[in-house]
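Enquirer: Fold the following for me, if possible:
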Amino acid sequence: MNTNIALVLVLAPFLGFLTNVFFGKSLGKSVSGIIGTLSVVVSFAATLYFFGGISANPAGIQVSLFEWIQISTFKLDFGLLLDQLSILWLLFVTGIGSLIHLYSISYMHDDENMHKFFAYLNLFVFFMITLVIGSNLLVMFIGWEGVGLCSYLLIGFWYKNQEFNDAAKKAFIMNRIGDLGLLIGIFILGHLFSTLDYATLKTAITGATDLNIYWLSAAAFALFIGACGKSAQIPLYTWLPDAMAGPTPVSALIHAATMVTAGIFMITRLNFLFDLTPDVQNIIAIVGAITALVAATIGLVQNDIKKVLAYSTVSQLGLMFLALGLGAYEVAVFHVIAHAFFKACLFLGSGSVIHALHGEQDMRKMGGLKKVMPITYATMLISSLAISGVPLFSGFFSKDEILLVAFHHNIPLWIVASIASIMTAFYMFRLIFLTFFKEFRGTEEQKHHLHESPTLITFPLIILAIL
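Expert: Down below sits the predicted model:
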């Protein structure tokens, strides 16, 4: 029973992808959108089923599908692991993913290649589920490479524009650099322990008496380079702001809930390894804090509404890595979840504004939208209060927790993180004021066509704002 539902969870988006790739054009836009959305909703329902059953078996559900690789002492199964960490991740990958698909039905309606867009989105969710649900590092690596491929396809979706193609290539190449590090780390662990299975690795690492800390640190550092690539930390962060080239739902999917949180997932999953390598943890904390500060300073002066949010994402990811480096894995995961909700809401809200202004992204040509777009304004304001850490909103609890941990462990890093957090509030409210207040600064024609976005766009915004 569990095996079948786990397979449904993984394969539903893949079936949606196949349907849209082969039959999408003949089915028509609305049908391909509905199929794409429903396939992710099915995965979400399956996730809820496992979430309901987690209290019965807190250790998680391990599903071994088949024996995959066996070379002398090295043996690996193709297996799935549904424990608290993976189910938590799946909840927001499939939950927010469903909302983004729903939003895309309306947002992409005028696009000639809408079926292709939904096919790529489904494939993206399929690979992200694979990444999260694998019971060993190699299954995770399949998903890891898959989301890299899909981000390339989605960022360069409007391929007739050469700039967008360049942005897609940049993302792809930067991720290759990080992935090389990840592969080296996987090879070292495989060589040291003859297994890549999480549970067996944990037993081997925690039970060993004569660990070679030098090689363990090398493996941990290599894995961290992989995380830097995927989760956009210095020096591999420059692809992420350029990833804004894709349609807005892509930005929301990549930035909020899926791909960029993969590095944090991987380090949290292997916490038993990183706990034994304090030097690498120090590097992670320092890189995280510097990234948070540098990205926040760049975010202060951006005029493109999506670029502000992009640098904001890099900055928030830096704070999460700071928490990971200080060994506060649960705090980092808490901020991942809070961030998934408010950042998805902000990106979709910015999409709603761009939609109303017929593609205008420069905040200097906006203004006064509060009256015409009350729902978009309210949801974006709530999310901005959350990301700024205003009390009683989700970001306040998760971000303050990170600052508290930093205050206990490392005062200089706490100061850096606090400055970055203050900047966050500044650039978010700069965005709100430039977009929604004072007089409208666009053309007369834009002013004439201003309107609140349709229900399919505002409904996901309202849900995310509540969360």
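
Enquirer: Can you classify residue 242 by secondary structure?
Expert: Three-state assignment for residue 242 (DSSP: H, G, I helix; E, B strand; the rest coil): helix.

Enquirer: name the element the nearest residue to it once chain neighbours are set aside belongs to?
Expert: Once flanking residues are discounted, residue 242 sits nearest to residue 167: 4.0 Å by Cβ to Cβ, 6 or more residues apart in numbering. In this view, the C-beta of every residue, glycine as well, is placed from N, C-alpha and C. Here residue 167, judged by DSSP states H and E, is contained in helix 162-193.

Enquirer: helices or strands next to that helix in the packing?
Expert: helix 137-155, helix 198-207, helix 213-230, helix 239-242 (3 or more Cβ pairs under 8 Å, 6 or more residues apart in numbering; DSSP states H and E).

Enquirer: would you list those in JSON lines and tack on mean neighbour count and distance to residue 50?
Expert: Output for those, formatted as JSON lines (neighbours: other Cβ atoms under 10 Å; distance: least, Cβ to Cβ, whole Å):
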{"stretch": "helix 137-155", "mean neighbour count": "22", "distance to residue 50": "17"}
{"stretch": "helix 198-207", "mean neighbour count": "16", "distance to residue 50": "17"}
{"stretch": "helix 213-230", "mean neighbour count": "21", "distance to residue 50": "25"}
{"stretch": "helix 239-242", "mean neighbour count": "23", "distance to residue 50": "31"}
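
Enquirer: Adding mean pLDDT and distance to residue 12, write the ones you listed out as JSON lines.
Expert: JSON lines is the format used below for the helices and strands packed on helix 162-193 (pLDDT from 0 to 100; distance: least, Cβ to Cβ, whole Å):
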{"stretch": "helix 137-155", "mean pLDDT": "86", "distance to residue 12": "15"}
{"stretch": "helix 198-207", "mean pLDDT": "82", "distance to residue 12": "24"}
{"stretch": "helix 213-230", "mean pLDDT": "87", "distance to residue 12": "24"}
{"stretch": "helix 239-242", "mean pLDDT": "74", "distance to residue 12": "28"}
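
Enquirer: Columns distance to residue 435 on top of the ones you listed, output as a markdown table?
Expert: What follows is the helices and strands packed on helix 162-193, written out as a markdown table (distance: least, Cβ to Cβ, whole Å):
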| stretch | distance to residue 435 |
| --- | --- |
| helix 137-155 | 24 |
| helix 198-207 | 44 |
| helix 213-230 | 30 |
| helix 239-242 | 19 |
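
Enquirer: Which one of those lies nearest to residue 110?
Expert: helix 137-155 (17.6 Å; Cβ to Cβ).

Enquirer: picking that back up, just give me the neighbour total for the residue nearest to residue 242.
Expert: Neighbourhood size, residue 167 [other Cβ atoms under 10 Å]: 21.

Enquirer: same deal with the one 5 residues further on?
Expert: Applying other Cβ under 10 Å, we find 17 residues neighbouring residue 172.

Enquirer: I figured residue 138 hits residue 198, correct?
Expert: No. Taking contacts as Cβ atoms under 8 Å, residue 138 lies outside contact range of residue 198: 11.1 Å.

Enquirer: check contacts around the residue most central in space within the chain.
Expert: Geometric centre of the chain, nearest residue: residue 258, 3.0 Å, by Cα atoms, centre = their mean. Listed by Cβ atoms under 8 Å, 6 or more residues apart in numbering, the contact set of residue 258 reads 93, 97, 124, 125, 128, 147.

Enquirer: residue contacts, the second one?
Expert: Spelled out, that is residue 97. By Cβ under 8 Å, 6+ apart, the neighbours of residue 97 are 40, 43, 44, 121, 125, 128, 253, 257, 258.

Enquirer: Spatially nearest residue to residue 302, not counting backbone neighbours?
Expert: residue 308 (4.6 Å).

Enquirer: ok, back up a step: minimum pLDDT in the contacts of residue 97, which residue is that?
Expert: When these are compared on pLDDT, residue 257 comes out lowest, with 66.

Enquirer: which one is residue 384 nearest to, not counting chain neighbours?
Expert: residue 428 (4.3 Å).

Enquirer: Number of residues surrounding that neighbour?
Expert: Neighbour tally, residue 428, other Cβ under 10 Å: 24.

Enquirer: in a strand, that's where it is, yeah?
Expert: No. Read with three-state DSSP, residue 428 is helix and lies in no strand.

Enquirer: got a list of what the residue nearest to residue 467 when sequence neighbours are not counted touches?
Expert: Spatial nearest neighbour of residue 467, chain neighbours left out: residue 341 (4.3 Å); criterion: Cβ to Cβ, 6+ apart. Contact criterion Cβ under 8 Å, 6+ apart gives 92, 96, 256, 383, 386, 394, 464, 467 as the residues in contact with residue 341.

Enquirer: Flag every buried residue along stretch 14-34.
Expert: 14, 16-21, 24, 27, 29, 32-34 (16 or more other Cβ atoms under 10 Å).

Enquirer: I figured the residue nearest to residue 384 was touching residue 312, is that so?
Expert: Yes. With contact defined as Cβ under 8 Å, residue 428 reaches residue 312; the gap is 7.1 Å.

Enquirer: tell me, what's touching these two both at once?
Expert: With Cβ under 8 Å, 6+ apart, residue 428 and residue 312 have common neighbours residue 387.

Enquirer: Which of the helices and strands in the chain ranks last by mean pLDDT?
Expert: Least confident helix or strand, the chain: helix 444-449 with a mean of 70, by mean pLDDT, DSSP states H and E.

Enquirer: Report how many residues lie close to residue 209.
Expert: Neighbour tally, residue 209, other Cβ under 10 Å: 4.

Enquirer: Shouldn't it be within a strand?
Expert: No. Assigned with three-state DSSP, residue 209 falls outside any strand and is coil.

Enquirer: what pLDDT does it get?
Expert: On the pLDDT scale, residue 209 gets 74.

Enquirer: ok, it to residue 275 distance?
Expert: 17 Å (Cβ to Cβ, to the nearest Å).

Enquirer: low-confidence ranges in the stretch 151-300 of the chain?
Expert: Counting by pLDDT under 70, the stretch 151-300 of the chain contains low-confidence residues at 232, 257.

Enquirer: Which residue is the nearest non-sequential neighbour of residue 36?
Expert: Nearest one to residue 36, counting by Cβ to Cβ, 6+ apart, is residue 118 at 3.3 Å.

Enquirer: Thanks a lot, catch you later.
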